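[1] Quick check, what structure comes out for this input:
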Amino acid sequence: MMNGIIDLKRSTKIEAWLRDIGCTPVPVPLEPATNWAVAVTIPPGTHMVVFNLKQAPRAVIVQARMVPLPAQSEAFGALEEDSRREFWQELRSTLNREFTEFQLEGAPYNCPAAFVVSATRWDDGLTLDSFARTLSSVNKACLDGSAVFEEHLGTGGPAAVGGEFAFKKIDVQ
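    Sure thing, here's the model as predicted:
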């Protein structure tokens, strides 16, 4: 079982690694279930939280939560039933990856309220290299999930200028 000193060392190491790869870790308020948590933004703008749970003291979790814009939710409402099913199937297929987990929030075949992508690294395999690949895997899954929204529902306005996805990024703890 991890004690506070060892856990603090891991948090400090993770923050140093984040700086090494060009991120700026920002502490986030702790939830009762977390030992530590920091927020980071990975280019081109995916906001993630890296944290450790009290119930899994040997794990470092990387997580991002994506929420569609109101215009995308509205566009989803205008889709025919077959198009809604196709959207859900493509989104699930896109997010289903070997090194990440995902959760879709909302009732099936309605516009998802959000999707969450996460990945867990355990201390026996936690290296800078494995951690950086984990950040990359979560980022790529979020970008690809956002692309499904973009392809099926459009951007809803000028947020797509310059190649940005029309998604509001929200950190979770």
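[2] Average pLDDT for stretch 9-28, rounded please.
    Across stretch 9-28, pLDDT averages out at 91.
[3] List the buried residues for that stretch?
    Neighbour-count burial for stretch 9-28, counted by 16 or more other Cβ atoms under 10 Å, picks out 10-11, 14-15, 17-18, 23, 25, 28. For the C-beta atoms, the positions are set from N, CA and C on the backbone; glycine is no exception.
[4] buried stuff in the helix or strand Gln89 falls within?
    Assessed by DSSP states H and E, Gln89 sits inside helix 81-95. Residues of helix 81-95 classed as buried by neighbour count (16+ other Cβ under 10 Å): 84, 87-88, 91, 94-95.
[5] So which elements touch it?
    Here helix 81-95 touches strand 101-105, strand 114-122, helix 128-153, going by 3 or more Cβ pairs under 8 Å, 6 or more residues apart in numbering; DSSP states H and E.
[6] Show me what Thr34 bridges to in the sheet.
    Leu53 (DSSP bridges).
[7] Could you report the neighbour count for it?
    Burial of Thr34 is recorded as 17 neighbouring residues (other Cβ atoms under 10 Å).
[8] Any idea which of the helices and strands packed on helix 81-95 gets closest to Ile42?
    helix 128-153 (4.6 Å; Cβ to Cβ).
[9] Averaged pLDDT, that closest one. What do you get?
    Here the average pLDDT along helix 128-153 is 95.
[10] element containing the residue most central in space within the chain, please.
    Centre of the chain computed as the mean C-alpha position; nearest residue by Cα atoms, centre = their mean is Ala64, 1.9 Å away. Taking DSSP H and E as the definition, one finds Ala64 inside strand 56-68.
[11] Now do that strand and strand 114-122, the angle between them.
    160 degrees (axes from the mean of the first three to the mean of the last three Cα atoms, to 10 degrees).
[12] and strand 56-68, which residues are buried?
    So strand 56-68, judged by 16+ other Cβ under 10 Å, has buried residues 58, 60-68.
[13] Then stretch 74-81?
    75-76, 79.
[14] just checking, which of those belong to helices?
    Residues of the buried residues of stretch 74-81 located in helices (DSSP state H): 75-76.
[15] Dump the buried residues of stretch 74-81 to TSV, plus distance to Trp122.
    As requested, these are arranged in TSV below (distance: Cβ to Cβ, whole Å):
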residue	distance to Trp122
Ala75	40
Phe76	37
Leu79	41
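[16] Can you redo the buried residues of helix 81-95 as JSON lines, where the extra columns are pLDDT?
    Formatted as JSON lines, the buried residues of helix 81-95 follow (pLDDT from 0 to 100):
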{"residue": "Arg84", "pLDDT": "95"}
{"residue": "Phe87", "pLDDT": "96"}
{"residue": "Trp88", "pLDDT": "95"}
{"residue": "Leu91", "pLDDT": "96"}
{"residue": "Thr94", "pLDDT": "97"}
{"residue": "Leu95", "pLDDT": "97"}
